[in-house]
Every structure is written in C-alpha cells, then in structure tokens.
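Asks: dropping a prediction and its sequence here:
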Amino acid sequence: MKKARKTIPSFADEAEERAYWERTDSAGPLDWSRAKPARLPNLQPSKTAISLRLPVRLLDEIKIAANKRDVPYQSLIKMWLSEKVG
C-alpha cells in the first residue's frame with residue numbers, strides 16, 4: 001500500500017521556502033522515484049567584489065607573472081587563491 005504524500009505549501013517568498021525545507025525531510029512530500037536529472041547550463045556561482053590593498057611591488061610582480069601566462073592579473077590572483085585555499 002502506498003503512503004499518502006504530504007502536499008507542499010505555497011510560499012510568500014524564497015526565505016519562507018528555505019525555512020520550510022530546512023525543517024522538512026524531502027522524502028515525505030516528494031516522490032523521488034519519478035525524479036529526472038536536470039541540466040542548468042547558465043548557473044553561475046555567487047560572487048562578491050572585494051577591495052584588496054597590495055604593495056605596489058607585489059602587484060607589479062603579479063602583473064608580470066600574469067603577462068607571461070597571457071591572462072589578466074585579476075584572474076591569476078583568483079587562480080592562486082583558489083589553489084592555496086582548496
């Protein structure tokens with residue numbers, strides 16, 4: 001015998017929906033046996049602008065290294081930070 005599924009309520013905004021899913025197990029209201037893979041080709045990670053003060057000499061060295069690699073120096077900084085952190 002199949003168990004009756006709970007209905008998903010309507011939400012006033014995204015914050016309300018987020019709060020609902022934080023406290024609700026999706027196994028109850030959703031039938032995962034009918035789920036299909038989704039493709040989201042235009043999804044971009046969130047980004048935040050920061051201001052970073054560097055000594056002029058260090059920035060010059062970074063720009064030289066970026067020029068040797070034929071990439072913008074900002075991209076090189078992001079790449080180096082990404083490698084160092086994770």
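Replies: Nice, thanks for sending it over.

Asks: CA only for contacts and neighbour counts going forward, please
Replies: Fine.

Asks: report the central residue of the chain.
Replies: Per Cα atoms, centre = their mean, the C-alpha nearest to the average position across the chain is that of P45, at 3.7 Å.

Asks: could I get the pLDDT score of that one?
Replies: The predicted local confidence for P45 comes out at a pLDDT of 84.

Asks: what comes up buried for the host helix or strand of K78?
Replies: Using DSSP states H and E, the element containing K78 is helix 73-85. Within helix 73-85, the residues that qualify as buried are Y73, L76, counting by 16 or more other Cα atoms under 10 Å.

Asks: who's in contact with it?
Replies: By Cα atoms under 8 Å, 6 or more residues apart in numbering, the list of residues contacting helix 73-85 from outside reads I62, K63, A65, A66, N67.

Asks: cutoff 7 Å now
Replies: Helix 73-85 has contacts (Cα atoms under 7 Å, 6 or more residues apart in numbering) with I62, K63, A66.
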